[in-house]
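# Compute the structure for the input listed below.
(one chain, ligands or ions: 1)
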Amino acid sequence: MDITDDYIIQKCFTKTGALNRKKFNDIITRDETKTYLYNRYNDIPDELFSYKEVIIRIKNNIETRPVCPICGKPVIFNKKVNNKLIKYLYKITCDNKECKNKNLKNRISDTIKNNYSIYNKIKNDIENIDSYSPKEISIYKQILYGIEIKNNTYNNYNFIKTLINENTLSIDDIQQKYPIEYSVYKRLSTNLVNVKNTNTKLKNDYENIINKLKNNEVINYESLEYKNYLIFKSHKEKTSKTLKQNYQDYIFILNIINNYSENELIKLYPNEYNNFISYSKKLDANKKRFFDYKFILNAILNDNISENDCKKLYPNEYNNYLKCLNINDKIYKTFNNNKTFNTSKPEKELLEQLLKLCPDTLYQYKDLERYPFNCDFYIPSLDLFIEYHGSHFHCNKEFDNNDKNDLNKLNELLEKSSIKHKQTNKYNQYDMMIYTWTDLDVRKKNYMIKNNLNFLIYYKLPTPEKLKNDINKFKG
Ligand SMILES: [Zn+2]
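Numbering: from 1, shown residues only. Predicted coordinates:
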């Protein structure tokens, strides 16, 4: 008997079109039908081949097998599907995870694109809104209200915030005059404070547990403290993931930004575009902050404008200057904490010698007005500041911009740092050395000179005789 498509259909399917499992199993055990089915189509790769797919294709006249819209490779046959749900016969993409993700993204952005085009269509044809379908009207309203609510809330919040900052009306007056705006403001700012308080509590508990872990203390795994530790930990991990995502989206948009208008980008890639904007703002803010920092530093050190005057003359720049100082300080402290564990010995020795000579010597002293750094030692009776730059972060000598050897050394450090950055993009010890040696130490010394401070700087531990001699110079 000749084996044909009709024969196969007749054998494998009931009159109502359902698959006859028993007969199907029989057919795929017989060599001649097996060969016919195997050779019926030439577009099924061996690793994806299944007899079920072939008979369903024969039954439904599917001559061409669909391909992955992303990469063009064959898609996956959905083995579980019954032949009546022909729409789901094939998965949309191939088995590649990237293709699956990309396709999902495309579908979402298609939907968004579609929704926005409906929104725009109705917006421009608002007098005929009744002629649109309920679904279209609902999409239009959703987008419209979404935009309005977002704008209104922030407008109200900012409006009240500005009023409060202006300080011309009392809070009570504001509340009476603008009750709705004020309630929005109140709600948002309470949320902000709550979020902040909760975060502080979580962070404290997290740090407590970390310390306990470090010191091998007993931890109560049922305690709220431990639960908060877990919450903060996972939050931390998520945030670092978000940062990575933001960066990826930033690069993604950067690559296509010339091909689309801003409006198109917002519609096509709303999330990615959003992340792009926030990431570039962050980059810009960092850059701006750094320039402001240099600007104020220059004003203080080179133009002899006092910090107070800078604060009055350039409040924004001065603010950024402080932020920059804080960031550097934080990083410095983190490193310095590690440092004191290892190299506290000579520092301790110096302290002991100093205490013998001047019993009022203070360790880690900070003078906010004249010397806003942690000074290693300070002797109040002599008003003398002493820095011990013994660790390798200070490179054993004062940095000199005009010294060829120093510039060579700096280049060497920069090179080592950039090699490290290729491995991991973390702040590394070479960054720390560059910062300490060429920036922080220089700045510290400039403060000492500018404010006419009595000071001594040691790059190695002085002998007791040398120290005594040096100190004596400052005694009446
Ligand atoms: Zn694919």
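# Just the element for the closest residue to Asn428 other than its chain neighbours, please.
Nearest non-adjacent residue to Asn428, counting by C-beta to C-beta, 6 or more residues apart in numbering: Lys420, 4.3 Å away. The way it works is simple: take the backbone N, C-alpha and C, and place the C-beta from them, glycine included. Assigned by DSSP states H and E, Lys420 falls within helix 404-423.
# Need the residues that contact that helix.
Contact partners of helix 404-423, identified using C-beta atoms under 8 Å, 6 or more residues apart in numbering, comprise Cys395, Lys397, Phe399, Asp400, Asn401, Asn428, Tyr430, Asp431, Met433, Ile434, Trp437, Thr438.
# go again using 7 Å as the cut-off
Cys395, Phe399, Asp400, Asn428, Tyr430, Asp431, Met433, Ile434, Thr438 (C-beta atoms under 7 Å, 6 or more residues apart in numbering).
# same check, this time on stretch 279-295
By C-beta under 7 Å, 6+ apart, stretch 279-295 touches Asn246, Tyr247, Tyr250, Glu317, Asn320, Tyr321, Lys323, Cys324.
# before we move on, what about stretch 226-243?
If you take C-beta under 7 Å, 6+ apart as the criterion, stretch 226-243 is touched by Lys201, Leu202, Lys203, Asp205, Tyr206, Ile209, Ile219, Asn220.
# between the contacts of stretch 279-295, which has the most around it?
Among those, Tyr321 has the most neighbours (other C-beta atoms under 10 Å), with 24 neighbours.
# State the helix or strand in which it lies.
Counting by DSSP H and E, Tyr321 is found in helix 315-357.
# how far is the helix or strand following that helix from where the chain is centred?
Scanning forward in sequence from helix 315-357 by DSSP H and E, the next helix or strand is strand 362-367. Mean-position distance between strand 362-367 and its chain equals 36 Å (C-alpha atoms, centre = their mean, to the nearest Å).
# Just checking: what are the partner strands of strand 362-367?
When pairing is defined by DSSP bridges, strand 362-367 lines up against strand 371-379 (antiparallel).
# what's the next secondary structure element after the strand it pairs with?
strand 384-388.
# Skip the chain neighbours and tell me the closest residue to Val54.
Once flanking residues are discounted, Val54 sits nearest to Leu37: 4.7 Å by C-beta to C-beta, 6+ apart.
# Show the pLDDT at that neighbour.
As predicted, Leu37 sits at a pLDDT of 93.
# Can you get me a residue count around Tyr88?
12.
# hang on, it packs against Asn78?
Yes: taking contacts as C-beta atoms under 7 Å, Tyr88 lies within contact range of Asn78: 5.7 Å.
# how many other residues sit next to Leu357?
By the criterion of other C-beta under 10 Å, Leu357 has 16 neighbours.
# Once you drop chain neighbours, what's closest to it?
Leu357 sits nearest to Ile471 (C-beta to C-beta, 6+ apart), 5.5 Å away.
# do you know how far the one you found is from the ion?
Here Ile471 is placed at a distance of 76 Å from the ion (C-beta to the ion, to the nearest Å).
# and the host helix or strand of that residue, what does it pack onto?
Element membership for Ile471 (DSSP H and E) is helix 464-472. In terms of contacts (3 or more C-beta pairs under 7 Å, 6 or more residues apart in numbering; DSSP states H and E), helix 464-472 is packed against helix 315-357.
# Including pLDDT and distance to Ala299, could the contacts of stretch 279-295 go into JSON lines?
Converted to JSON lines, those look like this (pLDDT from 0 to 100; distance: C-beta to C-beta, whole Å):
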{"residue": "Asn246", "pLDDT": "76", "distance to Ala299": "34"}
{"residue": "Tyr247", "pLDDT": "73", "distance to Ala299": "34"}
{"residue": "Tyr250", "pLDDT": "75", "distance to Ala299": "33"}
{"residue": "Glu317", "pLDDT": "81", "distance to Ala299": "9"}
{"residue": "Asn320", "pLDDT": "83", "distance to Ala299": "13"}
{"residue": "Tyr321", "pLDDT": "81", "distance to Ala299": "9"}
{"residue": "Lys323", "pLDDT": "79", "distance to Ala299": "16"}
{"residue": "Cys324", "pLDDT": "75", "distance to Ala299": "14"}
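# Looking at those residues, which is nearest Leu382?
Nearest to Leu382 among the contacts of stretch 279-295, counting by C-beta to C-beta, is Tyr321 at 30.9 Å.
# Dump the contacts of stretch 279-295 to TSV, plus distance to the ion.
Below are the contacts of stretch 279-295 laid out as TSV (distance: C-beta to the ion, whole Å):
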residue	distance to the ion
Asn246	27
Tyr247	25
Tyr250	26
Glu317	52
Asn320	48
Tyr321	52
Lys323	47
Cys324	47
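# Now for the residue in the stretch 151-300 of the chain that the ion sits nearest to, how many residues are close by?
Residue nearest to the ion within the stretch 151-300 of the chain (C-beta to the ion): Phe252, separated by 18.9 Å. Neighbour count for Phe252, taken as other C-beta under 10 Å: 15.
# how about it, what does it touch?
Per C-beta under 7 Å, 6+ apart, neighbours of Phe252: Glu272.
# Where does it fall, secondary structure wise?
helix 224-256.
# before we move on, what about Thr35?
helix 31-40.
# which helices and strands does the helix or strand following that helix pack with?
Per DSSP H and E, the first helix or strand lying C-terminal to helix 31-40 is helix 51-60. Where contact means 3+ C-beta pairs under 7 Å, 6+ apart, helix 51-60 is packed against helix 5-12, helix 31-40.
# With distance to the ion and mean neighbour count as extra columns, can I get those in TSV?
Shown next, in TSV, are the helices and strands packed on helix 51-60 (distance: least, C-beta to the ion, whole Å; neighbours: other C-beta atoms under 10 Å):
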stretch	distance to the ion	mean neighbour count
helix 5-12	30	16
helix 31-40	25	14
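# I'd like the ones you listed laid out as JSON lines, including distance to Leu357.
Output for those, formatted as JSON lines (distance: least, C-beta to C-beta, whole Å):
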{"stretch": "helix 5-12", "distance to Leu357": "103"}
{"stretch": "helix 31-40", "distance to Leu357": "98"}
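# mind listing what's buried in stretch 365-373?
For stretch 365-373, the neighbour count (16 or more other C-beta atoms under 10 Å) marks Tyr365, Tyr371, Pro372, Phe373 as buried.
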